[in-house]
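**Q** missing the sequence, but the structure's below:
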């Protein structure tokens with residue numbers, strides 16, 4: 001242990017992720033939380049591509065490649081197989097996917113698995129677009145972000161919709177839900193460990209900056225994640241038994257502009273658009289505070 005973080009690595013170095021990829025760090029931390037008795041079902045995406053170039057692999061735990069939309073389906077099958085073999089209690093089961101394979105084309109499988117009460121932890125690496133296939137917009141892409149399918153033109157400045165609030169949607173399924181960030185490894189590990197003990201599908205959404213898709217220098221990914229937290233763009237909370245608990249609050253809040261303008265995908269924003277984003281961020285934060293204060297059940 002170093003600073004209460006396990007030193008054993010279950011995701012080997014030498015993979016082919018882009019420089020500054022926060023997703024690769026997130027995977028390392030999640031696997032440190034789950035340990036060696038872990039099976040991973042991994043949807044098609046950046047992670048699958050950069051970690052398994054045949055005949056090489058970075059995985060030091062059993063790993064199954066799933067189609068883009070089927071990480072939850074494969075994990076459901078593994079869950080049933082382990083139960084049949086009377087091995088379910090001794091093995092941690094993880095499903096990994098990006099936001100495209102989670103918010104969009106994989107949501108049907110995830111929702112169905114939650115409804116059927118399978119037991120596994122679903123980890124969504126939230127980098128805000130379909131990065132592996134060319135930086136196309138997803139349900140996780142923020143409003144006004146420029147992607148290859150929502151370019152910043154003269155009349156339409158990037159994506160026209162706000163990001164889908166998937167943590168609240170999964171809470172409505174009765175899941176244990178947590179948001180996490182690569183900038184806060186102890187919080188991430190603690191939430192994954194808690195999720196693994198939940199009797200059903202648990203959902204952990206990890207904020208994972210992408211230098212390639214966001215247009216940021218490769219050496220500031222953690223700084224970007226910290227700015228997102230301080231600007232309340234990515235609040236850290238958990239939802240247990242339908243009740244919201246904010247797990248970490250910024251000691252000094254920053255205006256959202258300080259986060260946005262460090263990224264090429266937002267360089268086209270005008271003052272009114274930044275103000276609109278700030279208003280939305282403030283509104284979502286106030287909603288979380290009300291949920292926590294009133295202890296209203298979301299499931």
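**A** Yes, it's here. Worth saying up front: this structure is predicted, and the values here are computed from it rather than measured.

**Q** which helices and strands sit right next to the longest helix along the chain?
**A** Longest helix of the chain, by residue count under DSSP state H: helix 271-294. Applying 3 or more CB pairs under 8 Å, 6 or more residues apart in numbering; DSSP states H and E, one finds that helix 271-294 contacts strand 243-248, helix 256-260. In short, each C-beta sits where N, CA and C put it, glycine included.

**Q** Let me know which of these is tucked in deepest.
**A** helix 256-260 (a mean of 19; mean count of other CB atoms under 10 Å).

**Q** For that helix, which outside residues touch it?
**A** The contact list for helix 256-260 (CB atoms under 8 Å, 6 or more residues apart in numbering) reads 224, 227-228, 230-233, 266, 269, 274, 277-278, 281.

**Q** on that earlier part again, could you dump the helices and strands packed on helix 271-294 into a markdown table with mean pLDDT and distance to residue 99 added?
**A** A markdown table is the format used below for the helices and strands packed on helix 271-294 (pLDDT from 0 to 100; distance: least, CB to CB, whole Å):
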| stretch | mean pLDDT | distance to residue 99 |
| --- | --- | --- |
| strand 243-248 | 97 | 21 |
| helix 256-260 | 98 | 18 |
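
**Q** could those be laid out in a markdown table, adding distance to residue 144?
**A** Output for those, formatted as a markdown table (distance: least, CB to CB, whole Å):
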| stretch | distance to residue 144 |
| --- | --- |
| strand 243-248 | 26 |
| helix 256-260 | 9 |
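
**Q** Quick check: which of the ones you listed is nearest to residue 237?
**A** Counting by CB to CB, residue 237 lies closest to strand 243-248 out of the helices and strands packed on helix 271-294; the figure is 4.7 Å.

**Q** How far off centre is the closest one?
**A** The chain centroid and the centroid of strand 243-248 are separated by 17 Å under CA atoms, centre = their mean, to the nearest Å.

**Q** Note down every partner strand of it and its orientation.
**A** strand 236-240 (antiparallel) (DSSP bridges).

**Q** Rounded mean pLDDT for the strand it pairs with, please.
**A** What strand 236-240 shows for mean pLDDT is 98.

**Q** Show me the helices in the protein, by range?
**A** 22-34, 46-51, 71-84, 107-115, 166-171, 185-196, 211-214, 221-230, 256-260, 271-294.

**Q** Distance to residue 160 added to the ones you listed, as TSV?
**A** Formatted as TSV, the helices of the chain follow (distance: least, CB to CB, whole Å):
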stretch	distance to residue 160
helix 22-34	26
helix 46-51	25
helix 71-84	28
helix 107-115	20
helix 166-171	19
helix 185-196	32
helix 211-214	18
helix 221-230	21
helix 256-260	17
helix 271-294	11
